[in-house]
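Engineer: fold the following for me, if possible:
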Amino acid sequence: MAKEYGHRNLIVWQRAQELAHQMIKLTRRLPQNWANAVLARQMITSATSIGANIAEGHGRFTPGAHGNHLSIAKGSTAETDSWLDTLCREGYLSREDESPLHKECMEIMAMLTSKILQLEQLEKDGSAKVREEQSLYEITNASEEPLFPFTAADYQ
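Structural biologist: Sure, this is the predicted structure:
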């Protein structure tokens, strides 16, 4: 059986998810006070936004919409990297510990930039066509019987 293709197969999404996990772990180490609670909330929001926007963009039907979400993900990656600098400046993270996370942010941004440029070129060339596989989508009830079975072909 063929492996399903979706956002979870994307290396950039997988790396974004791991970065979010690392940022969440970092926030758990912060001393508990009002300022750090605000900082942690912002850090988690930016870090989790990366993978979420990659996934949402992947689910869009036009290269422009896909690229827009990748652009948002890139901005969230830059924001996450900025929070890493803030943690260093506040003494919660050493530059040595920050370095691999900073490097990961830069690599994720490079991957996103590459994909955004590819999508822009597809749009420019007019060769952008979005097509889904002939896979079956089902909505099931509690007994797992299909309520509304249809395929992507039903809507082409």
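Engineer: quick one: contacts for the residue nearest to residue 58 when sequence neighbours are not counted?
Structural biologist: Distance criterion Cβ to Cβ, 6 or more residues apart in numbering; nearest residue to residue 58, sequence neighbours excluded, is residue 7 at 4.1 Å. Glycine gets a C-beta too; all of them are placed from N, C-alpha and C. With contact set as Cβ atoms under 8 Å, 6 or more residues apart in numbering, residue 7 has these partners: 13, 54, 55, 58, 59.
Engineer: pretty sure the third one is touching residue 13, no?
Structural biologist: Yes: counting by Cβ atoms under 8 Å, residue 55 sits close enough to residue 13 to count as a contact (6.2 Å).
Engineer: who has more neighbours out of these two?
Structural biologist: residue 13 (23 against 18; other Cβ atoms under 10 Å).
Engineer: now do the buried residues in stretch 112-120.
Structural biologist: 112, 115, 116, 119 (16 or more other Cβ atoms under 10 Å).
Engineer: report the buried residues of the stretch of helix or strand the last one belongs to.
Structural biologist: For residue 119, the enclosing helix or strand under DSSP states H and E is helix 95-125. Going by neighbour count (16+ other Cβ under 10 Å), the buried part of helix 95-125 is 98, 101, 104, 105, 108, 109, 111, 112, 115, 116, 119, 122.
Engineer: which of the contacts of residue 7 fall in helices?
Structural biologist: Among these, DSSP state H puts 13, 54, 55, 58 in helices.
Engineer: ok, the buried residues of helix 95-125 vs residue 64, which is closest?
Structural biologist: residue 119 (7.6 Å; Cβ to Cβ).
Engineer: just the closest of the buried residues of helix 95-125 to residue 26, please.
Structural biologist: Closest approach to residue 26 among the buried residues of helix 95-125 (Cβ to Cβ): residue 101, at 8.1 Å.
Engineer: that closest one and residue 15, how far apart?
Structural biologist: Counting by Cβ to Cβ, to the nearest Å, the gap from residue 101 to residue 15 is 12 Å.
Engineer: SS state for the most centrally placed residue in the chain?
Structural biologist: Closest to where the C-alpha atoms of the chain average out (Cα atoms, centre = their mean) is residue 51, at 1.7 Å. Using DSSP: H, G, I helix; E, B strand; the rest coil, the structure places residue 51 in helix.
Engineer: hang on, it packs against residue 20?
Structural biologist: Yes: here residue 51 reaches residue 20: they are 5.9 Å apart, a contact under Cβ under 8 Å.
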